[in-house]
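**Q** Got a predicted structure plus its sequence, pasted below:
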Amino acid sequence: MTSPRTITVLGSTGSIGTQTVDILSRHGERYVVNFLTCNTRVDDLAEQVRRIRPRGVAIREEWAWKRFRELCPDFTGPVLLGEEGLCEAAAHADNDVVMSAMVGFSGVVPTMAAIRAGHVIGLANKETLVSAGDIMTAAARAYGATLIAVDSEHSAILQCMVGERRADIETFIITASGGPFRSYDMESLHGVTAAQALRHPNWSMGAKITIDSATLMNKGFEVIEARWLFDLPSSRIDVVVHPQSIIHSMVQFIDGSVKAQMGIPTMLVPIQYALTYPAREPLDIPRMDLASIGALTFESADRERFPCLQLAYDVLDEGGSAACIANAANEVAVAAFLDGRIGFMDIPACISTTLHHMERLAHPSLDDIVATDAAARRYATEHCSRLQHR
C-alpha cells in the first residue's frame with residue numbers, strides 16, 4: 001500500500017475546493033490534509049475543519065481570521081493570516097499536492113509560492129495561467145514544479161495524451177456546452193438577465209464561472225490555459241460547441257486520428273485525477289449510459305455573437321500583459337452584471353474598452369502583472385459605473 005498523499009487546498013470553500021474536500025473526506029486513508037485556505041467564507045471553512053481535520057488553515061481577511069478563532073476555539077493547528085499566510089500554506093514543505101482552487105486573480109500569488117516550492121499543483125485557478133501563463137510556466141520549469149490540469153477540458157486533453165508522443169499531436173479540440181444562450185440571436189442577447197445566465201444547462205458551478213460559460217469567455221480562457229499547459233499555439237487549439245457535455249475535449253493527431261475523453265458532466269473525475277496522477281483510483285459516481293444519451297452533436301462556436309471568445313484569442317496572440325488586462329476587466333464586468341448594474345453584452349464591451357485604454361507590457365514581471373491587474377480593475381470599474389448611469 002502506498003503512503004497517503006499530503007494535500008493542501010487553496011480556496012477550499014469555493015466550488016472546486018468543496019468538491020476536493022468531498023473527495024478527501026471519502027478517502028481519508030489515502031490523504032493527509034495539510035492546509036485548507038479561504039478568503040472570507042470562514043463559516044464554511046470551520047465546518048470543513050470539523051469534518052476532515054486539517055493540520056492548519058490560512059485565511060486572507062483579518063476579520064474572517066478572528067471569526068474562525070471564535071468558531072473553532074479548540075483548533076490547535078496553525079491559523080495563518082493574509083496573503084503571506086496563504087503563501088506559507090501553499091509552499092509548506094510537507095505538501096505532496098497543492099490544489100489551486102481559489103477563484104479569480106487572488107489565486108495567482110499563492111500559486112506562484114507553490115510553484116517556487118517545487119510542488120505538484122492541481123491547477124483549477126484559471127487566472128493563474130490566463131494572467132501570467134508565461135511567467136508561471138517558466139517558474140515551474142525553473143523550480144521543478146508540476147502543473148496538472150483540473151479543468152475538465154484540460155484534464156481530458158491530458159488523459160488523451162497519455163501514451164502519445166507530443167510530436168504526433170496536431171490539434172486540441174476544446175468542447176463547449178454553448179451555455180444557456182447557445183441559440184439566442186444577437187438582439188436577444190442584449191436583453192438577457194443574470195438569473196437567466198446562471199441557469200447552466202449541464203454544469204453546477206460558481207456564479208462567476210457560470211457567467212463566463214454564458215459569454216464563452218470561459219472557453220477563451222481555456223484556450224489560453226491550453227496554450228501554456230501543453231505548449232501549443234492558438235492556431236492549433238479549436239473550440240467546438242457540444243451541447244451534451246459528454247465529450248470533454250479531443251486531441252487530433254498527425255494521421256487524422258482523434259482521441260476523445262468522455263464522461264458524465266462532473267468535476268469529481270478531473271479533481272481526483274489531479275490528486276492521484278498518473279494513477280487512477282475508484283470513484284463512486286454514476287456511469288455514462290450512451291444508449292440513454294442517444295446522440296452527440298456539434299456546432300461551430302460563433303465568435304460574432306459571443307465576442308469574448310475572439311477577445312481571448314486576440315490577447316493570447318498579442319502576449320505580454322494583454323490577457324491580464326482582459327481577465328481583470330472581465331472579473332469586474334461579470335460582477336457588475338451579476339449586480340444588475342450593466343447588461344450582458346456590456347461584458348465584452350468593457351473588456352474591449354479596457355484593453356484599448358490600458359498600456360500593455362511586452363515582457364511583464366509578476367510584480368508588473370499584479371500592478372496591471374489593479375490598474376485594469378480600476379479602469380473597468382469606472383467604465384462600468386459610466387455604463388450604469390448612461
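**A** Arrived safely, thanks for sending.
**Q** what ranges do the helices span in the stretch 201-350 of the chain?
**A** With DSSP state H, counting those that start in this stretch as the criterion, the stretch 201-350 of the chain has helices at 207-215, 217-230, 268-276, 290-293, 307-318, 322-338, 346-357.
**Q** Pick out the shakiest of these, pLDDT-wise.
**A** Per-segment mean pLDDT for the helices of the stretch 201-350 of the chain reaches its minimum on helix 207-215, at a mean of 89.
**Q** Outside of it itself, list whatever touches it.
**A** Counting contacts by Cβ atoms under 8 Å, 6 or more residues apart in numbering, the residues outside helix 207-215 that touch it are 15, 103-104, 176-177, 179-181, 192, 194, 197-198, 200, 203, 205, 218-219, 221, 306, 308, 330-331, 334-335, 337-338, 344, 347-348. Where C-beta positions appear, they are placed from N, C-alpha and C, glycine not excepted.
**Q** Buried ones in it, by neighbour count?
**A** 208, 209, 210, 211, 212, 213, 214, 215 (16 or more other Cβ atoms under 10 Å).
**Q** Would you mind checking the average pLDDT for the longest helix along the chain?
**A** Once the chain is assigned using DSSP state H, the helix that runs over the most residues is helix 366-388. With pLDDT averaged residue by residue, helix 366-388 scores 94.
**Q** Next: stretch 78-98.
**A** Stretch 78-98 shows a mean pLDDT of 97.
**Q** What would that stretch look like as PDB? C-alpha coordinates only.
**A** Extracted C-alpha coordinates of stretch 78-98, given in PDB (Å, rounded to 0.1, in the frame of the first residue of the first chain):
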ATOM      1  CA  PRO A  78      -1.600  27.000  12.900                       C
ATOM      2  CA  VAL A  79      -4.100  29.600  11.800                       C
ATOM      3  CA  LEU A  80      -2.200  31.700   9.200                       C
ATOM      4  CA  LEU A  81      -3.300  35.200   8.100                       C
ATOM      5  CA  GLY A  82      -3.300  37.200   4.900                       C
ATOM      6  CA  GLU A  83      -1.700  36.600   1.600                       C
ATOM      7  CA  GLU A  84       1.500  35.900   3.400                       C
ATOM      8  CA  GLY A  85      -0.300  33.100   5.300                       C
ATOM      9  CA  LEU A  86      -1.800  31.700   2.100                       C
ATOM     10  CA  CYS A  87       1.700  31.600   0.500                       C
ATOM     11  CA  GLU A  88       3.100  29.900   3.500                       C
ATOM     12  CA  ALA A  89       0.500  27.200   3.300                       C
ATOM     13  CA  ALA A  90       1.000  26.800  -0.400                       C
ATOM     14  CA  ALA A  91       4.700  26.500  -0.100                       C
ATOM     15  CA  HIS A  92       4.700  24.200   3.000                       C
ATOM     16  CA  ALA A  93       7.400  21.600   2.800                       C
ATOM     17  CA  ASP A  94       5.000  18.700   3.700                       C
ATOM     18  CA  ASN A  95       2.800  19.300   0.700                       C
ATOM     19  CA  ASP A  96       2.700  16.500  -1.900                       C
ATOM     20  CA  VAL A  97      -0.100  18.100  -3.900                       C
ATOM     21  CA  VAL A  98      -1.400  21.700  -3.800                       C
END
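**Q** neighbouring contacts of that stretch?
**A** So stretch 78-98 is contacted by 5-10, 34-35, 37, 55-60, 62, 65, 68-69, 100, 109-111, 113-114, 116-117, 119-122, 274-275 (Cβ under 8 Å, 6+ apart).
**Q** pull the CA atoms of stretch 146-164 into PDB?
**A** Once non-C-alpha atoms are left out, stretch 146-164 reads as follows in PDB (Å, rounded to 0.1, in the frame of the first residue of the first chain):
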ATOM      1  CA  THR A 146       4.500  20.100 -12.000                       C
ATOM      2  CA  LEU A 147       1.200  21.700 -13.200                       C
ATOM      3  CA  ILE A 148      -1.700  19.300 -13.600                       C
ATOM      4  CA  ALA A 149      -4.800  20.500 -15.300                       C
ATOM      5  CA  VAL A 150      -8.000  20.300 -13.300                       C
ATOM      6  CA  ASP A 151     -10.500  21.900 -15.700                       C
ATOM      7  CA  SER A 152     -12.500  19.100 -17.200                       C
ATOM      8  CA  GLU A 153     -11.400  20.200 -20.700                       C
ATOM      9  CA  HIS A 154      -7.700  20.300 -19.900                       C
ATOM     10  CA  SER A 155      -7.900  17.100 -17.800                       C
ATOM     11  CA  ALA A 156      -9.500  15.500 -20.900                       C
ATOM     12  CA  ILE A 157      -6.600  16.600 -23.100                       C
ATOM     13  CA  LEU A 158      -4.100  15.300 -20.500                       C
ATOM     14  CA  GLN A 159      -5.800  12.000 -20.400                       C
ATOM     15  CA  CYS A 160      -5.900  11.800 -24.300                       C
ATOM     16  CA  MET A 161      -2.200  12.500 -24.400                       C
ATOM     17  CA  VAL A 162      -1.200   9.500 -22.100                       C
ATOM     18  CA  GLY A 163       1.000   7.200 -24.100                       C
ATOM     19  CA  GLU A 164       1.300   9.500 -27.100                       C
END
